[in-house]
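> below are the sequence and a predicted model for it; my questions follow.
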Amino acid sequence: MYSVLTNDRVIVTDEHAHNLYNKRYYGNLTESGLELSFIEALFLLTRAKIEIFDEKENPITIEDLTKIVREKHIFSHYLVYKDLRIRGYIIKTGFKYGSDFRIYERGHAPGDGHSNFLVKILSEEQSIKVRDFSSYVRVAHGVRKTLLLAVVDDEYDITYYNIEWTRP
C-alpha cells in the first residue's frame, strides 16, 4: 500500500488503507488517510504490508525508517511494539494514562471494550523514582488495568514484569 513519510508520521493514502485499521487496528483514520506512527509504520514496512515514499517519491527503506526511529530515541518502543504485535495483541497509545502503550487481549479490540494492560517501557540501565513508579501503579489500578513494565536490555531482550497494586 502506498504511503508517504511526513515529519512526524507516515500516511497511508492507498484506497485499501481502511483494511489495516478495521481488521488489525493500526493507526488512526483521518481525512488524509491512515496515519501511522513511525513505530507502526516500521512494523508494517518490515512485514511488506506498506511501501513508503518521501515527498520526492524516493522509496524509504527499512534501514531509512529504522534510522529515524533510532534518532527519535524510540527504538526500544519499537522492539516492545513488535514483540507484542507478534504475540497477537492490539496496541494503541497509552499517553492518556501516562504510559507508553495500552494493550488489548487477543480477540478483543478497541471499541469492543477496554484494554486490559498499560505498558511502561524502561531500558535496563534507566532508573525510576519510587514516586513515579507508584503513580504508574496507582493510575493503572484506578482505571482497572494491569501495569506491565517492559525492560529492554543492552542486547534488545525484553523482560516483562506484571505489577499489581495490593492493599496491606
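Cool, got the structure. These numbers were taken from a predicted model, which means no experiment stands behind them.

> what sits up against stretch 94-114?
Counting by Cβ atoms under 8 Å, 6 or more residues apart in numbering, stretch 94-114 makes contact with 25, 77, 80-81, 84, 87-93, 115-121, 135-136, 139-140, 143-145, 147-148, 150, all of which sit outside it. Bear in mind the C-beta positions are built from the backbone N, C-alpha and C, glycine included.

> tell me which of those fall in helices.
Of the contacts of stretch 94-114, the ones assigned to helices by DSSP state H are H77, V80, Y81, L84, S135, Y136, V139, A140.

> and those, which are buried?
Buried members of the ones in helices among the contacts of stretch 94-114, counted by 16 or more other Cβ atoms under 10 Å: H77, V80, Y81, L84, Y136, V139, A140.

> contacting residues for the closest residue to the fourth one other than its chain neighbours?
By that I understand L84. Of all residues not flanking L84 in the chain, I91 sits nearest, at 5.5 Å (Cβ to Cβ, 6 or more residues apart in numbering). When contacts are counted by Cβ under 8 Å, 6+ apart, I91 touches Y81, L84, R85, F101, R102, I103, Y104, V119.

> same question for T159.
With Cβ under 8 Å, 6+ apart, T159 has these contacts: A150, V151, D153.

> widest-spaced pair of the buried ones among the ones in helices among the contacts of stretch 94-114?
Y81 and V139 (20.6 Å; Cβ to Cβ).

> what about the strands in the chain?
2-5, 10-12, 28-30, 33-36, 51-53, 59-60, 90-93, 101-104, 117-123, 146-152, 158-163 (DSSP state E).

> deepest-packed of those strands, please.
By mean neighbour count, with neighbours taken as mean count of other Cβ atoms under 10 Å, strand 10-12 ranks first of these at a mean of 25.

> same list, the ones in helices among the contacts of stretch 94-114, but as TSV with distance to E55 and pLDDT please.
Shown next, in TSV, are these (distance: Cβ to Cβ, whole Å; pLDDT from 0 to 100):
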residue	distance to E55	pLDDT
H77	25	96
V80	30	97
Y81	26	97
L84	32	95
S135	41	80
Y136	39	83
V139	39	83
A140	40	82
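
> now, which of those sits nearest K49?
Y81 (14.4 Å).

> that closest one - nearest residue in space that isn't next to it in sequence?
Y81 sits nearest to I39 (Cβ to Cβ, 6+ apart), 5.0 Å away.

> now I103
Of all residues beyond its chain neighbours, the one nearest I103 is F117 (4.2 Å), with distances taken as Cβ to Cβ, 6+ apart.
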